[in-house]
Each structure stands twice: as C-alpha cells, then as structure tokens.
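[1] Pasted the sequence and its predicted model underneath.
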Amino acid sequence: MRIYISADIEGVSGVVHGEHTLRDGKEHDYARKLMTEEVNACIEGALEAGADEIVVNDSHGTMRNILPDQLHSRARLLMGSPKKLAMVEGLTSEYDAVLFVGYHTRAGSNGILNHTFSGRVIKTIRVNSIDMGEFGLNALVAGYYKVPTVFVSGCNLLADEARAVIPEIESAIVKESISRTAALNLSPAESRLLIRQGTKRSLKDVRSKTPFRMEGPFTVEIEFLNTGYADAAEIVPIYERSNPLTVRFTNQDWLHCYRLIRGAIMIANSVQ
Ligand SMILES: [Zn+2]
C-alpha cells in the first residue's frame, strides 16, 4: 500500500499564532517539532495498517519545516519549493490513499489561522461558484488521480469543512477553534494518539473508498484582498478581470486549474 501525506502546520495541536507558523516567528522552531511528531503519528498509523511506501510532502510556507532527522525513518520527505503542485506535489495515480495532517479551514471561515494558500493576498477561491479551501482544492487533485482522500487532522471546524466535501472522511480533531488566534488544544501526546488511531482506521478497506471528483469544466474565481493583486494577475491574459478584486478563468482540466491558481498567487505576492 502506497501512502501520500500532505502536512501543514496551522492545524497542529499547540499551534495558534503567526509566531508559530512564520519562518521568522520566535516559536517557529518549536512548532516545527510539534508538526514533525504529528506527521510521525500518521506514519505509524499507516505502517500499522500495512503501508509499505510512504511519502510526506512538507506543505507549509517555505515547505522546509519538518525536521528531517526527527521524521520516522520509514517515510521519505518531499521538501522545498516552488513545486508545480505545491501541497500535493508528486501525487500520482500510483498511490492508494492521501492523508492531510495539520490542515486548517479556508480563508474567511471561523477556524484557527484560517486562510487559503496565501493569507497575504487571497480573500476567497471559488470553483464553479463553491467556496473552497486548501482541503477541497487539494482533495480535487487527489480525485483527479482517482486516489481517495481518507484522513484529515486539524481543528473541529476543519473537520466540518472536510466532511462537507467528503462525508465519510476519518478525522482527528486536535483542537477547538476559539478565534483566529486562539484554540483549546489537546495535549500533543493525546493528539498523536488520535492521529495514529484515525490514520489506521482510515486505511481499512481503502480500495472501497471513493475519490473526491467534480466534473469539469471548472470556472475558478480568485478574489484578492486588494485590487492591486488583481491588477498584477490580470497582466497574464488567461486571467480575466471579473470585478475589481477578482480574476477568473475556465478550464476543463483540474491540474491546469490548480497550477493557474498557484500562478496567480505567485504573481499577486510579487506586488510590494
Ligand atoms: Zn500552512
């Protein structure tokens, strides 16, 4: 059984603030350790369920957060950026299941540290008029490859967001969101136990699980936090300005859409 893990940091127990998540944050190194250990718990659960090949994609910020020498020796670590498929780089139809660890809710929701790909520039991303966060956008890439997304860990509201997309998904709720920068956290030890157990449950009868797919064509609207970001994206003629804050495009192929979303964000982030 081949397992793909995409690991973010905002949904890790004990992580509640930019000081934990940002590269120069004072508590970032400690948060990286917490993140690494939650990923290890997921790897252990996958091994107990019979996984024989595990790839972990570091999916947060610089994508250099997980501590390589503290990661479980049975997994390989995809680290660094840029990568064409970012949080789901390297995923192919050869995997049997995808698991998301340390994830968070979409921009504009109530969840802890909510954002979608870039808290600096993105207000909302809509796919065929449906608001989607990183969970849904990444699960659609897994679905493109016909691989089921079977497990997610993060806050209680992230679990709700995931179930709205994939009702049967297994989850480990490691904290309850109180505000954007406050949460009631389980202890790291308890969080890791839930992640290990949830991962193991999620991989039972994995071949019977249905990948999350939506039929194209996909019309994607990217609403930015200010008009300057839309001004920059609009320079590339594939992005059509639909209102002062928003660019849109339509494409039949979800991988193209995903890369066009990433591209628009990189362009917007170049605006000083
Ligand atoms: Zn992140």
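    Looks like it came in fine. Residues are numbered from 1 along each chain as shown.

[2] got the domain boundaries for this structure?
    Residue ranges for each domain of the chain read 2-115+133-208, 218-269, as given by automatic domain parsing.

[3] Please identify which of those is closest to the ion.
    domain 2-115+133-208 (3.7 Å; CB to the ion). Using the backbone N, CA and C atoms, a C-beta is placed for each residue, glycine as well.

[4] deepest of the domains of the chain, which one?
    Scoring the domains of the chain by mean neighbour count under mean count of other CB atoms under 10 Å gives domain 2-115+133-208 as the most buried, with a mean of 20.

[5] That domain vs the ion: in contact?
    Yes. Judged by CB under 5 Å from the ion, domain 2-115+133-208 and the ion are in contact via Asp8, Glu10, His60.

[6] pLDDT weak spots in this structure?
    For the chain, no stretch is flagged by pLDDT under 70.

[7] Just give me the longest helix of it.
    When the chain is scanned for its longest helix (criterion: DSSP state H), the result is helix 28-48.

[8] hang on, the earlier thing: is it possible to get JSON lines of the domains of the chain that adds distance to Ile122?
    Shown next, in JSON lines, are the domains of the chain (distance: least, CB to CB, whole Å):
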{"stretch": "domain 2-115+133-208", "distance to Ile122": "6"}
{"stretch": "domain 218-269", "distance to Ile122": "7"}
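
[9] Looking at these, spot the one closest to Lys123.
    Between Lys123 and the domains of the chain, the tightest spacing by CB to CB is seen for domain 218-269, at 4.5 Å.

[10] how far away is the residue nearest to Gly18 when sequence neighbours are not counted from Met266?
    Excluding the flanking residues, the one nearest Gly18 by CB to CB, 6 or more residues apart in numbering is Gly25, at 5.9 Å. Using CB to CB, to the nearest Å, we find Gly25 at a distance of 22 Å from Met266.

[11] what does Val165 give?
    25 Å.

[12] same deal with Ser93?
    As defined by CB to CB, Ser93 lies at a distance of 27 Å from Met266.

[13] now Ile238
    Noted for Ile238: a distance of 14 Å to Met266, by CB to CB.

[14] Repeat that for Leu140.
    When CB to CB is applied, the distance between Leu140 and Met266 equals 20 Å.

[15] ranges for the helices of the protein?
    Using DSSP H, helices in the chain cover 18-21, 28-48, 134-144, 156-165, 188-202, 227-233, 254-269.

[16] Turn these into a markdown table, columns for distance to His104.
    Below are the helices of the chain laid out as a markdown table (distance: least, CB to CB, whole Å):
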| stretch | distance to His104 |
| --- | --- |
| helix 18-21 | 9 |
| helix 28-48 | 12 |
| helix 134-144 | 7 |
| helix 156-165 | 6 |
| helix 188-202 | 15 |
| helix 227-233 | 21 |
| helix 254-269 | 16 |
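
[17] Out of those helices, which is closest to Ser179?
    For Ser179, the closest of those is helix 156-165, at 11.4 Å, according to CB to CB.

[18] between that closest one and helix 134-144, how many degrees?
    The directions of helix 156-165 and helix 134-144 differ by 40 degrees, with axes from the mean of the first three to the mean of the last three CA atoms, to 10 degrees as the criterion.
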